[in-house]
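Trainee: Give me coordinates for this.
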Amino acid sequence: MPRLYRCAAATAALLRVPALAVLLAALGVVASLVTTSPARADESVPFTDSAAKGHLGFCDAAGHQITSGSLTEVPFVLRAVSSEPTPAGYTVGAGAKATLFAFLPMQGVDPGDWTGQALTGAAFFSNPQHPMTEATVLDPTLQSFTRKVTVLWHNLIQLRMYIGAPGKPLYQSSYPTAVIEVTGSTWHVVRGGAVDCTSGRTKPVEELALPRSRFVSASASIAASRSADAASHSRAQTGPSGATGGASSGTRSGSPTPQAHSTSTLSPGALGTTAVDDASNAASTGGAAAQGQRAAAGKSDSSSGSSVPTVLLGGFAVIVLVGAVIWRVRSRRSSA
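Mentor: Numbers count the residues shown, from 1 in each chain. Reported below is the predicted structural model:
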């Protein structure tokens, strides 16, 4: 620290400003480097959506917000929560429902023409300030969407929440969004925000319209599939002599034991809704031109924000180096 201050003092003499000011400026550069770098994750998103308003956050069964997961997890996420209130005319009392959609960003194509798929059915929600939707074991995995596309632009998927109501179209003039990046068999959020997973209650329309046996059967199928995957993985780690390679024989790490989907006792009336209308379960699709753009889109690393910290670090290094040189020259002159 004393040497750093001497360097700052020498630089200050050259610039004819107080040494403390130079030192504080240098420390400020370092502080900005440390504090701003993590927030630059969303700079890797190469597109803008003028209809995007607010953000989405995702929650697990324990009510905790999550920012990553597996493409094969069923459901993709248990709950999605919006930071924006419901649009005018789509009130909870009138039976408003929320649905989560995945959209494929395509370079050169307007976001309104991107290809999309519903990841959840429609769900009633209790808090109009923070609409939310809840998935069930009958809903598709994220992999069911990614396997339909040949190329992902920057490996990104945009997620949107649409609000619908009986007798009204899906509201698409504006919508909360999140952007996730797919890496191998996993995903993680690159643009989103914090939400309160316990800010309201939800009731999927599926749970009101379908018998509970459908959910029990689906949960059993998921459990059997995971057990088979775990057994196959264990056999793959076992040598010809029967000696294992250290793999456990239980459920794979990161894959929680599936549980039967719990159906709450909430009714549409308890949520302030008056009707069950699953009209918002239809996904938007793009045209032939969008399909051509998708095939032409290229993959890319998400590294556009990495150059800014490098420039800041380089600037700080130059300040210190110049100060050190000046201090060294003056020291020699004084000794002479």
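Trainee: which residues of the stretch 151-300 of the chain score low on pLDDT?
Mentor: 225-300 (pLDDT under 70).
Trainee: hmm, try it at 90
Mentor: 151-152, 211-300 (pLDDT under 90).
Trainee: Count the residues that sit near residue 88.
Mentor: 7 (other C-beta atoms under 10 Å). Heads up, the C-betas are built off the backbone N, CA and C, glycines and all.
Trainee: Contact partners for it?
Mentor: With contact set as C-beta atoms under 8 Å, 6 or more residues apart in numbering, residue 88 has no partners.
Trainee: Kindly provide the distance from it to residue 186.
Mentor: 38 Å (C-beta to C-beta, to the nearest Å).
Trainee: repeat for residue 45
Mentor: 18 Å.
Trainee: higher neighbour count, the two?
Mentor: The neighbour comparison of residue 45 against residue 186 (other C-beta under 10 Å) goes to residue 45, with 19 against 16.
Trainee: Identify the residues contacting that one.
Mentor: Per C-beta under 8 Å, 6+ apart, neighbours of residue 45: 154, 156, 179, 190-191.
Trainee: repeat for residue 196
Mentor: Applying C-beta under 8 Å, 6+ apart, we find residue 196 in contact with 81, 130.
Trainee: quick one: the strands in this protein?
Mentor: 52-59, 65-66, 68-70, 79-82, 97-104, 115-118, 123-125, 132-134, 156-165, 168-171, 175-183, 186-191, 202-204 (DSSP state E).
Trainee: mind putting the ones you listed in JSON lines, distance to residue 212 included?
Mentor: Converted to JSON lines, those look like this (distance: least, C-beta to C-beta, whole Å):
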{"stretch": "strand 52-59", "distance to residue 212": "23"}
{"stretch": "strand 65-66", "distance to residue 212": "26"}
{"stretch": "strand 68-70", "distance to residue 212": "26"}
{"stretch": "strand 79-82", "distance to residue 212": "20"}
{"stretch": "strand 97-104", "distance to residue 212": "21"}
{"stretch": "strand 115-118", "distance to residue 212": "22"}
{"stretch": "strand 123-125", "distance to residue 212": "17"}
{"stretch": "strand 132-134", "distance to residue 212": "16"}
{"stretch": "strand 156-165", "distance to residue 212": "25"}
{"stretch": "strand 168-171", "distance to residue 212": "28"}
{"stretch": "strand 175-183", "distance to residue 212": "31"}
{"stretch": "strand 186-191", "distance to residue 212": "30"}
{"stretch": "strand 202-204", "distance to residue 212": "12"}
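Trainee: So which of these is nearest residue 217?
Mentor: strand 202-204 (16.5 Å; C-beta to C-beta).
Trainee: burial measure for the nearest residue in space to residue 140 that is not next to it in sequence, as a count.
Mentor: Leaving aside its sequence neighbours, residue 140 sits nearest to residue 119 (C-beta to C-beta, 6 or more residues apart in numbering; 6.3 Å). Using other C-beta under 10 Å, the number of residues around residue 119 comes to 25.
Trainee: Please, where are all the helices along the stretch 1-150 of the chain?
Mentor: For the stretch 1-150 of the chain, the helices defined by DSSP state H, counting those that start in this stretch cover 2-15, 19-36, 143-146.
Trainee: ok, residue 75 - contacts?
Mentor: Residue 75 neighbours (C-beta under 8 Å, 6+ apart): 119-120, 135-137, 139-141.
Trainee: now do 6 Å
Mentor: Residue 75 sits next to 135, 139 when contact means C-beta atoms under 6 Å, 6 or more residues apart in numbering.
Trainee: so how far is residue 184 from it?
Mentor: Taking C-beta to C-beta, one finds residue 75 at 20 Å from residue 184.
Trainee: before we move on, what about residue 63?
Mentor: From residue 63 to residue 184 the distance is 28 Å (C-beta to C-beta).
Trainee: Between the two, point out the one with more neighbours.
Mentor: Per other C-beta under 10 Å, whichever of residue 63 and residue 184 has more neighbours is residue 63, with 11 against 8.
Trainee: Just give the closest residue to the more buried one, not the sequence neighbours.
Mentor: Nearest to residue 63 is residue 197, by C-beta to C-beta, 6+ apart, at 4.7 Å.
Trainee: Help me confirm that the one you found comes into contact with residue 60.
Mentor: No. Using C-beta atoms under 6 Å, residue 197 makes no contact with residue 60, being 8.1 Å away.
Trainee: Which of these two has more residues huddled nearby?
Mentor: Neighbours around residue 197 and residue 60, counted as other C-beta under 10 Å, are more numerous at residue 197. The numbers are 21 against 15.
Trainee: Comparing the helices of the stretch 1-150 of the chain by mean pLDDT, which bottoms out?
Mentor: Lowest mean pLDDT within the helices of the stretch 1-150 of the chain: helix 19-36, a mean of 47.
Trainee: what are the phi and psi values for residue 128?
Mentor: When read as degrees, to the nearest 10, the backbone of residue 128 gives phi -70, psi -20.
Trainee: per-residue pLDDT, it?
Mentor: Confidence score, pLDDT, at residue 128: 96.
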